[in-house]
Structure formats: C-alpha cells, structure tokens
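**Q** predicted structure and sequence below. I'll ask about it afterward.
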Amino acid sequence: MARARAAAAGLRSASPPREPPDPGELLADLPRADGTRLRVAWREYEGHPFVTFAVWEPGTGGAWWPVKGKQLTVKRGELGGVLEALILACEKASGWTP
C-alpha cells in the first residue's frame, strides 16, 4: 500500500501546473472588498462573440481564476436588453425618476 501511495504522489507532483483561462478582452476589472474582482470581458467561442460577467479570485503565482458558479454569459443579441436593464438600475440607484 505504501508503494501505491508513493507512486500516486509522484504522479500528482509530476503534472504540470495548469494555465489560467484566457480572460478575453477585459472591458472592466472592478476590485471587490473580499479581494476578488468583477471582470466584464468580450470573448469568442467557435466564432461566436459574447460578453462575460465573472468574479475572479487570486490563485497561486499571481494568476487569477474565475470563481465556479459566479459567471454570467450574455449573447450578442441580448446586449441591448441587458444595457437597458443596467441603465434602469443606475437610475433607481441614483433616485432619478423620469
């Protein structure tokens, strides 16, 4: 059993460090009080553009990683509706009424 543990430990230590994912073209990188960052980015997957809103946290070696379960993808056709909703939210936050 000890040999199996030693072999498994050797395999784990031999694996190369993972590369952090490509954040895309950052449109906004906003620090948060808990040390994470809210990043808004323009990205593309298989030729399809989209925008991501994601919380990222610091990892080892100065790399940043997206937090699992704290990401939102907005398709290009949805951007107008999301923009309108964000403007309405800004108006509400400022107390402005039409």
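**A** Noted; the coordinates are in hand.
**Q** which stretches of the chain have low pLDDT?
**A** Low-confidence segments of the chain, defined by pLDDT under 70: 9-16.
**Q** the residue lying closest to Pro20 once chain neighbours are set aside: neighbour count?
**A** Nearest residue to Pro20, sequence neighbours excluded (Cβ to Cβ, 6 or more residues apart in numbering): Ala63, at 4.2 Å. (Glycine included, C-beta is placed from N, CA and C.) Residues within reach of Ala63, counting by other Cβ atoms under 10 Å, total 13.
**Q** if I pick Thr60, what's in contact with it?
**A** Listed by Cβ atoms under 8 Å, 6 or more residues apart in numbering, the contact set of Thr60 reads Pro17.
**Q** longest helix in the chain, by residue count?
**A** With DSSP state H setting the assignment, residue counts place helix 79-94 as the longest helix in the chain.
**Q** which SS class is Ala6?
**A** Secondary structure of Ala6, reduced to three states by DSSP: H, G, I helix; E, B strand; the rest coil: helix.
**Q** ranges for the strands of the chain?
**A** Under the criterion DSSP state E, the chain contains strands at 25-31, 37-45, 48-58, 64-75.
**Q** now render those as CSV, adding distance to Gly95 and mean neighbour count.
**A** Below are those laid out as CSV (distance: least, Cβ to Cβ, whole Å; neighbours: other Cβ atoms under 10 Å):
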stretch, distance to Gly95, mean neighbour count
strand 25-31, 22, 11
strand 37-45, 23, 15
strand 48-58, 25, 16
strand 64-75, 26, 12
